[in-house]
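Q: pasting the structure only:
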C-alpha cells in the first residue's frame, strides 16, 4: 500500500484536492487514473480511502470513500530532546529511523558544546513525513523549534525524565531497569562533546535521572536511536 499525506483532510471532508506537487506525482509519475483508489493520512491518526474524480496533474481531485481512526502501536508518549549534529544528514537519519520505530515528539536542543545551532526545520519536516508514509504510520511526530538546554530542562513534562551523558558511567542505570511499559518518557541526548558539567547538574536539579545507553561510546544520532528502540522493545506486549 502506498500512503499519501495531507494535514488538511479530516473526518468531515467529502472532496479533496492534492497540492500541485502531489498531483503531478500521482498522475504523471504513478500514472493513476480516474476511479483509481488512493490512501491518505492526515498525520493525526486518521486513515482515508479515496477515489480519483479528476486525474489532472495540476488539480488532482478525489472523493472520500471511507475513513477510520488508527491507534498508535504504542501506549506511551516518547519525547526525545536531542542536540543537532554537525552534519545535517546524520540528524536527518535519526529523524527518519526514529519515526520508523515510533516516536511522538522531537526537540532539537542547543547546548554548551553544540556544533550546530542553526537548523532548516522545513527540510526536517519533509524527512519526518516521508518516513511516516514509508513505514505506514498515521501519526506524524511533532517537530518543535530548536530551544536552549536551559528551557527544555526547566519545562513541565508529565512523565519520567532522563539525561543520557558520559560522566560517571558506574553510577547510572539502563532503561530496562528504570522504566515500565506505558510510561511517558523524555530523554535528553547531548552533542558529540557531551553535555557540560553545568548542564548535567542543572538537569539533576530538575529531577532528571542519569541514564546509560550501554558501554559503547555512541554518536549523538546513534544514542537517540538506541533510546528510541530500547523503549519500543520494553513496551512490546
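A: Nice, I can see it. Predicted model, so just to flag it, every value in this text is computed and none were measured. Numbering: from 1, shown residues only.

Q: Break the chain down into its structural domains.
A: When the chain is parsed with automatic domain parsing, its domains come out as 3-69, 78-234.

Q: where do the strands sit along this protein?
A: Shown for the chain, the strands assigned by DSSP state E span residues 3-5, 15-17, 37-41, 46-54, 61-69, 78-82, 105-110, 142-143, 147-148, 160-164, 173-174, 185-189, 209-212.

Q: Mind listing the residues bridging to residue 62?
A: With DSSP bridges applied, residue 62 shows beta-bridge pairing to residue 16, residue 52.

Q: sorry, back to before: out of the strands of the chain, which is closest to residue 134?
A: strand 3-5 (8.1 Å; C-beta to C-beta). No exception for glycine: its C-beta is placed from N, CA and C like everyone else's.

Q: before we move on, the earlier item: let me have the strands of the chain in JSON lines, extended by distance to residue 129 and mean pLDDT.
A: Putting the strands of the chain into JSON lines (distance: least, C-beta to C-beta, whole Å; pLDDT from 0 to 100) gives the following:
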{"stretch": "strand 3-5", "distance to residue 129": "5", "mean pLDDT": "93"}
{"stretch": "strand 15-17", "distance to residue 129": "17", "mean pLDDT": "90"}
{"stretch": "strand 37-41", "distance to residue 129": "10", "mean pLDDT": "95"}
{"stretch": "strand 46-54", "distance to residue 129": "15", "mean pLDDT": "95"}
{"stretch": "strand 61-69", "distance to residue 129": "19", "mean pLDDT": "94"}
{"stretch": "strand 78-82", "distance to residue 129": "18", "mean pLDDT": "98"}
{"stretch": "strand 105-110", "distance to residue 129": "13", "mean pLDDT": "97"}
{"stretch": "strand 142-143", "distance to residue 129": "10", "mean pLDDT": "97"}
{"stretch": "strand 147-148", "distance to residue 129": "22", "mean pLDDT": "96"}
{"stretch": "strand 160-164", "distance to residue 129": "27", "mean pLDDT": "97"}
{"stretch": "strand 173-174", "distance to residue 129": "32", "mean pLDDT": "90"}
{"stretch": "strand 185-189", "distance to residue 129": "22", "mean pLDDT": "98"}
{"stretch": "strand 209-212", "distance to residue 129": "30", "mean pLDDT": "94"}
